[in-house]
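Engineer: output the structure for:
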Amino acid sequence: MNRHLILIHGAWQGSWSFAAWRPLLARQGWHTHAVDLPGNGWNDCPPESASLETYVDHVCALIDTLDGPVVVLGHSGGGIVASQVAETRPARVACLVYLAGMMLPSGLSFAQLVSQCREAHPEADLRGIGAYLKYDDEQRFSSVPPEAARRIFLHDCPDRDADFAVGLFRPQAERGRAMTPSLSPERYGRVPRIYVEALQDRSVAHLCQRRMQALCPGATRITLDCGHVPQLAQPERLTELLCSALEHQLAAGPIPRITPNQEACQ
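Structural biologist: A predicted model of the protein is given here:
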């Protein structure tokens, strides 16, 4: 039986964001499937089709073609999609991986999470990419200027990889970016999770990453001293640590249901 790993990209990106990393995973025995989410500029779906619902349907349709359980990895905003996929297909998802990802509790948006962190830590710079985004006249789509992509996403990546990535960002529909998960302890809460945190992240700040881990306790933590794109900044180290954690988790089997930390939400 193949070991399947589904890779879900974040906002403004596509399956290309995993291209350099996939050969390393293949050498560790993983059969990877990097998706292009609907409406993100890399398939025939119109931009207006982007939404959490269409994203989840797209990933679940892929899962239904594969044999056996799968691991679902969400990078950045793709973490919200990964969570909702686990809620929809809990029996098919052996483990969730959040790669500097948005591991949000049910009913909380990332903007609300940042507001919580800003209130608790007013001294912290939590602007992320939001301060640099460009919008269309109707505020329906946002885009990332190249220099902002370098400064916030790719600042510690090799120049060649950064040059490749900068030219591939596409406008993102806001309804496919500002998403809020709807999760339950009985479904999402039964799926094991691994969180790969990035200490130098300028997009999903480390402070926010730790806040999400407190709100959704129980994830195995991997820590990397890098920016928002570990698969480009530290691909070998990421592969080593993640594959080891996955081997341990899959050998351990299912975990008890996890209930989000409601006290931490207050």
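
Engineer: need the per-residue pLDDT for Arg177.
Structural biologist: Here, the pLDDT recorded for Arg177 equals 89.

Engineer: that one touches Ser76, doesn't it?
Structural biologist: No. In this structure Arg177 lies outside contact range of Ser76 using C-beta atoms under 8 Å: 10.3 Å. The C-beta positions use only the backbone N, C-alpha and C, and glycine is treated the same way.

Engineer: which one's more surrounded, those two?
Structural biologist: Ser76 (26 against 19; other C-beta atoms under 10 Å).

Engineer: wait, doesn't Gly107 sit right on Met179?
Structural biologist: No. The pair Gly107 / Met179 is not scored as a contact, 11.7 Å apart, by C-beta under 8 Å.

Engineer: ok, the two, which is more surrounded?
Structural biologist: Met179 (22 against 12).

Engineer: overlap in contacts of Arg177 and Ser76?
Structural biologist: Common contact partners of Arg177 and Ser76 (C-beta atoms under 8 Å, 6 or more residues apart in numbering): Ala11.

Engineer: quick one: the strands in the protein, in order.
Structural biologist: For the chain, applying DSSP state E gives strands covering 3-8, 30-34, 70-75, 93-99, 134-135, 141-143, 172-173, 193-198, 220-224.

Engineer: rebuild those strands as a markdown table, extending it with mean pLDDT, mean neighbour count and distance to Val81.
Structural biologist: Output for those, formatted as a markdown table (pLDDT from 0 to 100; neighbours: other C-beta atoms under 10 Å; distance: least, C-beta to C-beta, whole Å):
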| stretch | mean pLDDT | mean neighbour count | distance to Val81 |
| --- | --- | --- | --- |
| strand 3-8 | 97 | 24 | 5 |
| strand 30-34 | 98 | 18 | 13 |
| strand 70-75 | 98 | 26 | 6 |
| strand 93-99 | 97 | 25 | 11 |
| strand 134-135 | 96 | 12 | 22 |
| strand 141-143 | 93 | 19 | 18 |
| strand 172-173 | 90 | 24 | 13 |
| strand 193-198 | 98 | 24 | 14 |
| strand 220-224 | 98 | 17 | 20 |
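
Engineer: tabulate the ones you listed in TSV, adding columns for distance to Val204.
Structural biologist: Conversion of the strands of the chain to TSV gives the following (distance: least, C-beta to C-beta, whole Å):
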stretch	distance to Val204
strand 3-8	15
strand 30-34	20
strand 70-75	10
strand 93-99	10
strand 134-135	20
strand 141-143	16
strand 172-173	16
strand 193-198	8
strand 220-224	13
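
Engineer: and these: which comes nearest Ala20?
Structural biologist: strand 30-34 (11.2 Å; C-beta to C-beta).

Engineer: below-threshold pLDDT in the stretch 151-266 of the chain: ranges please.
Structural biologist: Residue ranges of the stretch 151-266 of the chain with pLDDT under 70: 253-266.

Engineer: again, but for the stretch 1-150 of the chain
Structural biologist: 1, 41, 47.

Engineer: can you give me the helices for it?
Structural biologist: Counting by DSSP state H, counting those that start in this stretch, the stretch 1-150 of the chain has helices at residues 22-27, 52-63, 78-88, 110-120, 146-148.

Engineer: out of those, which comes closest to Leu37?
Structural biologist: Nearest to Leu37, of all the helices of the stretch 1-150 of the chain, is helix 52-63, at 4.9 Å by C-beta to C-beta.

Engineer: quick check: buried residues in the closest one?
Structural biologist: Leu52, Thr54, Tyr55, Val56, His58, Val59, Ile63 (16 or more other C-beta atoms under 10 Å).
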